[in-house]
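Novice: The sequence isn't on hand, but the structure is:
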Ligand SMILES: CC(C)(COP(=O)(O)OP(=O)(O)OC[C@H]1O[C@@H](n2cnc3c(N)ncnc32)[C@H](O)[C@@H]1OP(=O)(O)O)[C@@H](O)C(=O)NCCC(=O)NCCS
């Protein structure tokens, strides 16, 4: 997918509703959240929401980011033993990711995930990993395809150590 086809902006930078209600990913909870709830969460500073706009200024996809933490004991032992003995480590949660049905399968989901990881890696505030919640098996497969690892005790919640992203960026 060419990045020139879309621009990614904060939702609050858009005029009013700006076609938000027309957004449809095929996932009712993700659509409902975007139509009805997200602006309230932004106002309360519990989430940030980024949207991808097509050349025609249609909303083609969105994702949300918020700070989070991971309990050290929830991580696989192989990773835990390499971390300091704090009770938890800082993380960034991509709470939601959805692509409008008209734009699915064209690389935009992968591009938005890469954009979120880029923001997380380049933040001045440290985070050990990005955390995501997969709503179904298809989402689980999508995140695993992109290198995310399931938490041993809750496989639908996954994480990606941000160190692996910076290492990958160094080799590309
Ligand atoms: C899941 C979703 C975000 C994927 O976005 P998309 O734009 O359709 O996917 P892309 O075209 O960017 O695919 C990028 C890569 O992921 C792979 N991929 C896409 N969907 C996949 C799936 N369900 N399982 C495994 N791999 C998948 C593609 O094959 C592609 O691989 P490649 O880069 O090696 O060629 C999108 O289909 C969607 O919004 N679905 C409904 C909501 C949802 O399930 N959200 C997930 C968060 S809970």
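Specialist: Alright, I've got the coordinates. Only a predicted model underlies this, so the values are computations on that prediction, with no experimental measurement involved.
Novice: pLDDT on the longest strand along the chain, on average?
Specialist: Using DSSP state E, we find that the single longest strand of the chain is strand 59-71. Per-residue pLDDT over strand 59-71 has a mean of 98.
Novice: List of residues touching the next helix-or-strand element following it?
Specialist: The helix or strand immediately downstream of strand 59-71 is helix 77-80, counting by DSSP states H and E. By C-beta atoms under 8 Å, 6 or more residues apart in numbering, the residues outside helix 77-80 that reach it are 72, 73, 161. From N, CA and C alone the C-beta is placed, and that goes for glycine too.
Novice: now those residues: which count as buried?
Specialist: Buried members of these, scored by 16 or more other C-beta atoms under 10 Å, are 72, 161.
Novice: quick check, nearest of the contacts of helix 77-80 to the ligand?
Specialist: The closest of these to the ligand turns out to be residue 161 (C-beta to the nearest ligand atom; 19.6 Å).
Novice: Tell me who's in contact with that closest one.
Specialist: 79, 128, 129.
Novice: which of these lies closest to the ligand?
Specialist: residue 129 (16.9 Å).
Novice: Residues in a beta bridge with the closest one, which ones?
Specialist: residue 91, residue 161 (DSSP bridges).
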